[in-house]
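Peer 1: need coordinates for the below:
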Amino acid sequence: METVGRQDAPTAVVVVDPGGVVSGWSEGAQQLLGWTARAAVGRPVADLLVDPPPGFPESCATGPDPVGSMTFRHPDGSTVDAVVTVHPLHGAEGRILGRAVTVQRWDRRPVIADRAFEQCPFALGVYDPELRFLWMNAVAGSVIAHTEEQVLGEKYRELFPELDGLAYTNKLSEVARTGEPARLITVFRPRGSNYANAWATSMWPVRDAEGRVRAVANWGFDMSAEYWARQRLLILGEASSGIGQTLDVVGTAEELARTSVPGFVDQVTVDLFEEVLSGEEPPLSATFTLEGTVALRRVGRYGAKEDADRRAEPPPPINYSPNSVAARCMAAGRSTVQLAVEPGPGGEWGFGPGLAADPAHWPPGNPVIDGTLGAVGLTGRIIVPLMARGALLGLATFARGDRPEAFTADDLILAEELAAKAAVAIDNARRYTREHTTALTLQRSLLPHRLPGHEAVEAASRYLPAGAGAGVGGDWYDVIPLSGARVALVVGDVVGHGLHASASMGRLRTAVRTLADVDLPPDELLTHLDDLVLHLPGNLQPEDGTESAGESGATCLYAVYDPVSRRCTLASAGHPLPLVIAPDGTSVPVPARQGPPLGVGGLPFEATELELPEGSLLALYTDGLVENRERDVDQGIADLLRLLTGPAATLEDLCDTAMDAMLPDHRTDDAALLLARTRALDPEHVADCAIEPDTARVADARKFAAERLRAWGLEELEFVTELVVSELVTNAIKYGAPPIRLRLIRNTALICEVSDASDTSPHLRRARDVDEGGRGLMLVAQLTQGWGTRHSTNGKTIWCAQTIETT
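Peer 2: Model prediction:
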């Protein structure tokens, strides 16, 4: 059949008698459906349909009733998708003589346009110049909670005065008067809602053939999330420039309070520990426990209706009972949101419409309904612990009373961001007050605040500085992710105490991380580190000569664990060897030597390799943990081994048990402990193959990678991975030496490795327009989240990693 144009497709009219038999057939029906009147008249109408609805058309109600979409059979065997409307035909006495069925192609412009506008996800409306409703779609009806029949012919201002605020209708009137399109963002609170909505609206005039404005049309969408996110960003911008202007604890607390009012909340209070005001060390957030009343000082208070210009001297004390919400927040290190809602019919407290309208995801335990807030004139309160660099400084309270909006989950994030900025500034001010505090904070800042999560090991650590009067030492530890899903475990000790030891420790830790990034084997890394210590000014000795040459230097233990092979390679530069405990609790001997300390020079370091069962425990420590005046090193190591083989729920508990049992009350040296429980990568998540040194085999490598990614369900990474594999394998074939191998590793990232026997390292460079090559590594660097080279005794490996998106 000749295809009828979509815009010119006719409307078919079919007359059906009460028995469902076709009795009339229009010319348009023949053009649209292909049947002639001779072939169609006298047939049951159901014979012309594919899957006709039961009882069609008798089942249709009286009056025009669009049945919906149906599929008609065409004489040539094809089908026609159409929209069908049934019109009952009445005789003089009201008896139904039959039905007229109109048929229009589904893709005909008037039909599809009506459906498109009706199903548009935005609110669409048309008004006359007097702003009377002429038409609206279903989304617009849901916004104003009215149907089209309820509003047709009514003026917007008279029907919805509480939703208008004149801005919206004034802009519509302006468009009708001037004939110029306009845009508008309106913020309003719908009836019965505790939240204000922000709508972005575009308006334009509708003209007749003579160019006269006959109506005004508009479309709009709810941009509340974007609008309020922008407002929160503005407040954060003000906080970035307004908090931390001075190194004054009380002044910084007041800056936090002033920044938050009135844009965010109606009232803010800031309470800090006495130690923060005096420059001493506040309690650590990880070890803070409730033991009686928590005493703080109220150093900041600001409210929209309060005179906050007077600063109380000294700040008044604030005592929180152990059962108070504020005390529990500080102990848990988590924020709490309290909301006040009206009681239900039975007097019970429940979630109001505000909470139901909040689309964001609340963290566990929030929000909490507190009916006592209304008694003090508040609609909501957010209590946020002030924590910075692992220290608990106090708490900040953000409260609303004058505005009806309930706090949302996004408001909680904003409050925590403001508190975090203020906490850092307050802690900086506290550090500035005393030189001793500055030295102690320096030591803590150089150590990792939190060990990075890694798929190769589960790790936990503890560090305790020497007691009062001993000064800050130079112990350090680290967990460093490496290529190929491996991880490096590091522990070291700089001889001596004070700022010099801390500064030297920081330099060595930075050097280790830099050398680890080059992927050097443990013995080679210590050789480079030893050479660095030799060339440091003063060879790690203070310039004032307070420490003798015999007390200078440093020790370091560097271990690399591979979860694929379950092998651990380690080397020591004068540092105690690690303790290794098998999953069954037995001690595993480490056949290695300590080697010379760093800074001696000229002596080699030896690497030792161990194969560890999955679940083995590695314990790296400094001598301050196992040696003191009452106990020699051997006895201390035996005691530590006994403690580590004992029962413990988690590594964190095991760390606490070991530190509490091993360290005396009056310690004279720093102590560090790093525990790591090994994991093994599932063999199904590792795939490798040998590559023949022939460029024709590059396609085989791409195919191997694509098949493995599909088996892992990582089809979205297939395109980039094929490009990367092609470039790396081609480079290995052209510039490397056999044997060549390709390995893919799937864990939290997709790792691609190509190894060959050549020691030549590739270099990233920018190719010129006339160059025929040189763009491969640039392509790899741009397509992946990281790449690098590591050398071994058998050649080198080029690797790259892609992030795996998790849902």
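
Peer 1: report the contact partners of Glu606.
Peer 2: Each residue near Glu606 by C-beta atoms under 8 Å, 6 or more residues apart in numbering is listed here: 523, 571, 592-593, 595. All C-beta atoms are positioned from the backbone trio N, CA, C, and that covers glycine.

Peer 1: just the buried ones from these, in ChimeraX syntax?
Peer 2: Buried subset of the contacts of Glu606, written as a ChimeraX selection, criterion 16 or more other C-beta atoms under 10 Å:
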select :523,571,592,595
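
Peer 1: the contacts of Glu606 in strands, which ones?
Peer 2: Ala571 (DSSP state E).

Peer 1: which of the contacts of Glu606 sit farthest apart?
Peer 2: Asp523 and Arg593 (11.4 Å; C-beta to C-beta).

Peer 1: tell me how the protein divides into domains.
Peer 2: 12-114, 120-222, 228-432, 448-678, 683-803 (automatic domain parsing).

Peer 1: now the terminal residues of the second one, how far apart.
Peer 2: I take that to be domain 120-222. End-to-end distance of domain 120-222 (C-alpha to C-alpha, to the nearest Å): 13 Å.

Peer 1: pLDDT of it, averaged?
Peer 2: Mean pLDDT, computed over domain 120-222, is 83.

Peer 1: now the contacts of Glu606 in CSV, with pLDDT?
Peer 2: Output for the contacts of Glu606, formatted as CSV (pLDDT from 0 to 100):
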residue, pLDDT
Asp523, 92
Ala571, 94
Ala592, 87
Arg593, 88
Gly595, 87
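
Peer 1: relative to Ala396, which of the contacts of Glu606 is nearest.
Peer 2: Ala571 (47.9 Å).

Peer 1: packing partners of the helix or strand hosting Pro205?
Peer 2: Using DSSP states H and E, Pro205 sits in strand 197-207. On a contact count with 3 or more C-beta pairs under 8 Å, 6 or more residues apart in numbering; DSSP states H and E, strand 197-207 meets helix 167-178, strand 182-188, strand 213-222, helix 224-242.

Peer 1: please name the nearest non-neighbouring residue to Ala46.
Peer 2: Closest residue in space to Ala46, ignoring its immediate chain neighbours: Pro52 at 4.3 Å, by C-beta to C-beta, 6 or more residues apart in numbering.

Peer 1: where does pLDDT dip in the stretch 401-550 of the chain?
Peer 2: Scanning the stretch 401-550 of the chain for pLDDT under 70 picks out 404, 432-447, 449, 467-473, 497-499, 537-550.

Peer 1: the stretch 651-800 of the chain now?
Peer 2: Regions of the stretch 651-800 of the chain meeting the criterion pLDDT under 70 cover residues 665-668, 763-776.

Peer 1: helices along that one, start to end?
Peer 2: 651-662, 698-711, 718-735, 776-783 (DSSP state H, counting those that start in this stretch).

Peer 1: orientation of the second one relative to helix 718-735 in degrees?
Peer 2: For helix 698-711 and helix 718-735, the angle between their directions (axes from the mean of the first three to the mean of the last three C-alpha atoms, to 10 degrees) works out to 150 degrees.

Peer 1: how about helix 698-711 as CSV, C-alpha atoms only?
Peer 2: Only the C-alpha atoms of helix 698-711 are listed here, as CSV (Å, rounded to 0.1, in the frame of the first residue of the first chain):
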residue,chain,number,x,y,z
VAL,A,698,46.5,-6.9,19.1
ALA,A,699,43.0,-7.7,18.0
ASP,A,700,43.1,-10.9,20.0
ALA,A,701,44.1,-8.9,23.1
ARG,A,702,41.1,-6.6,22.6
LYS,A,703,38.8,-9.5,22.1
PHE,A,704,40.1,-11.1,25.3
ALA,A,705,39.6,-7.9,27.3
ALA,A,706,36.1,-7.4,25.9
GLU,A,707,35.0,-11.0,26.7
ARG,A,708,36.3,-10.7,30.2
LEU,A,709,34.5,-7.4,30.8
ARG,A,710,31.2,-8.8,29.6
ALA,A,711,31.7,-11.8,31.9
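
Peer 1: list the contacts of that helix.
Peer 2: 687, 689, 691, 715, 717-718, 721-722, 725-726, 729-730, 733, 742, 744, 750, 752.

Peer 1: mind giving me the PyMOL select for the residues you listed, buried ones only?
Peer 2: Those of those that count as buried under 16+ other C-beta under 10 Å are selected in PyMOL with:
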select buried, resi 687+691+717+718+721+722+725+726+729+730+733+742+744+750+752
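
Peer 1: helices of the stretch 501-650 of the chain, start to end?
Peer 2: Using DSSP H, counting those that start in this stretch, helices in the stretch 501-650 of the chain cover 522-535, 623-626, 633-644.

Peer 1: ok, back up a step: winner for burial among the helices of the stretch 651-800 of the chain?
Peer 2: Counting by mean count of other C-beta atoms under 10 Å, helix 718-735 has the highest mean neighbour count of the helices of the stretch 651-800 of the chain, with a mean of 20.

Peer 1: OK, contacts around Glu180?
Peer 2: Glu180 is in contact with 174, 205, counting by C-beta under 8 Å, 6+ apart.

Peer 1: if I've got this straight, it is in a strand?
Peer 2: No: Glu180 sits outside any strand when classified using DSSP: H, G, I helix; E, B strand; the rest coil, being coil.

Peer 1: what distance do you get for it to Lys171?
Peer 2: Remark: distance between Glu180 and Lys171 (C-beta to C-beta, to the nearest Å) = 11 Å.

Peer 1: for Arg431, same thing?
Peer 2: According to C-beta to C-beta, Arg431 and Lys171 sit 54 Å apart.

Peer 1: likewise Tyr621?
Peer 2: Taking C-beta to C-beta, one finds Tyr621 at 71 Å from Lys171.

Peer 1: of the two, who's got more company?
Peer 2: For Tyr621 versus Lys171, the count of surrounding residues by other C-beta atoms under 10 Å is larger for Tyr621: 28 against 18.

Peer 1: my read is that the more buried one contacts Leu641, right?
Peer 2: No: when contacts are counted by C-beta atoms under 8 Å, Tyr621 is not listed as touching Leu641 (10.8 Å).

Peer 1: overlap of the contact sets of the two?
Peer 2: Common neighbours of Tyr621 and Leu641 (C-beta under 8 Å, 6+ apart) are Leu579.

Peer 1: how close does the nearest residue to Tyr561 once chain neighbours are set aside sit to Pro18?
Peer 2: Nearest non-adjacent residue to Tyr561, counting by C-beta to C-beta, 6+ apart: Cys568, 4.6 Å away. Separation of Cys568 from Pro18 (C-beta to C-beta): 89 Å.

Peer 1: out of these two, which sits in the busier spot?
Peer 2: Legend: neighbour count by other C-beta under 10 Å for Cys568 and Pro18, higher for Cys568 (26 against 14).

Peer 1: okay, and the beta partners of that one?
Peer 2: Tyr561, Leu610 (DSSP bridges).

Peer 1: for it, give me its contacts.
Peer 2: With C-beta under 8 Å, 6+ apart, Cys568 has these contacts: 559-562, 609-612, 618, 678.

Peer 1: mind checking which of those are buried?
Peer 2: 559-562, 610, 612, 618, 678.

Peer 1: and which of those residues is nearest Gly474?
Peer 2: Ala559 (19.8 Å).

Peer 1: look up the closest residue to the closest one, ignoring the ones flanking it.
Peer 2: Ala559 sits nearest to Leu570 (C-beta to C-beta, 6+ apart), 3.8 Å away.
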